[in-house]
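S.K.: The following comprises the amino acid sequence and a computationally predicted model.
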Amino acid sequence: MDMKVKFAVFAAFLMFMGSISIAGVNDTGNETATGEKSGFVIPMHFSFSLPSEYEKENFSVIDVGGADEAISMPSRPSMPYKSEVLTFPLGTKIDGIEVSTGDVNTMHLDRKIIPASEPVRADMSNTVAERKEGKIYLSNEPYPSNWVEWNTGAGLENGKHVVFLSIHAFPARYTPAANEL
């Protein structure tokens, strides 16, 4: 299959349009008449362009418009993602998030997805970034394991104590042993 046809098939089969609802966000200032805390939902929508694939160092690199970052854990596939950070008043409790995705399809790749390189020395000495396939390349489980990952933390923003909600949305997941996206 020539590259243009392959890309067209790839683009037609892999499209992630998702939405995320941050469900059960409780702000300690919102109490009902019975003293129970009330929650609210913040709807979010992530959309990504059609993915493209190109070759680098005998591996495939996946590029998706709207996903401006890539997983950079050494020896794991370098997968694109988008980050969003939301800020809430200190004391806010994030109970969870709900995720729905658009149509999900699979496609076989001719090459494995490029592994993230080992960190380069901070002194910028002349070292070559090494890329090694880790044990994850033998796995039959999708990587990353979820379409969306999230975590919370507390800190200061503009001199105020706040809770941060960090969301990472992945437009594609990779099954390394099957070499499928």
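M.R.: Looks like it came in fine. Model, not experiment: these values are computed from the prediction.
S.K.: so where do the helices sit in this structure?
M.R.: Assigned by DSSP state H, the helices in the chain fall at 3-13.
S.K.: can you give me the strands in it?
M.R.: 17-31, 37-47, 52-56, 59-63, 69-70, 80-89, 93-100, 148-157, 160-169 (DSSP state E).
S.K.: Tell me which other helices or strands the last one touches.
M.R.: To tie it back to what came earlier, the one meant is strand 160-169. With contacts taken as 3 or more Cβ pairs under 8 Å, 6 or more residues apart in numbering; DSSP states H and E, strand 160-169 sits against strand 17-31, strand 80-89, strand 93-100, strand 148-157. C-beta: built from backbone N, CA, C; applies to glycine.
S.K.: And Glu55, how far from Val61?
M.R.: Distance of Glu55 to Val61, computed by Cβ to Cβ, to the nearest Å: 7 Å.
S.K.: Please say which of these two ends up with more neighbours.
M.R.: Taking other Cβ atoms under 10 Å, Glu55 and Val61 do not tie; Val61 has more neighbours (16 against 12).
S.K.: so what's that one up against?
M.R.: Glu53, Tyr54, Glu55, Ser78, Ile113, Ile114 (Cβ atoms under 8 Å, 6 or more residues apart in numbering).
S.K.: Could you pick out the buried ones from those?
M.R.: For the contacts of Val61, a neighbour count by 16 or more other Cβ atoms under 10 Å gives the buried set as Glu53, Ser78, Ile113, Ile114.
S.K.: In terms of distance to Ala169, which of these ranks first?
M.R.: Ala169 has its nearest neighbour among the buried ones among the contacts of Val61 in Ser78, at 16.2 Å by Cβ to Cβ.
S.K.: Assess the claim that the closest one and Ala116 are in contact.
M.R.: Yes. Contact criterion Cβ atoms under 8 Å: Ser78 and Ala116 qualify, at 4.6 Å.
S.K.: list residues touching both of the two?
M.R.: Common neighbours of Ser78 and Ala116 (Cβ under 8 Å, 6+ apart) are Ala70, Ile71, Ser72.
S.K.: On the pLDDT front, check the first one for me.
M.R.: Among the per-residue scores, Ala70 holds a pLDDT of 94.
S.K.: can you pull the contacts of the residue lying closest to it once chain neighbours are set aside?
M.R.: Setting aside the residues directly before and after it, Ala70 is nearest to Ser78 in space (Cβ to Cβ, 6 or more residues apart in numbering), at 4.8 Å. The contact partners of Ser78, by Cβ under 8 Å, 6+ apart, come to Val61, Ala70, Ile71, Ser72, Ile113, Ile114, Pro115, Ala116.
S.K.: for the last one, which residues make a bridge with it?
M.R.: Beta-bridge pairing for Ala116 (DSSP bridges): Pro74.
S.K.: I am finished for the moment; much appreciated.
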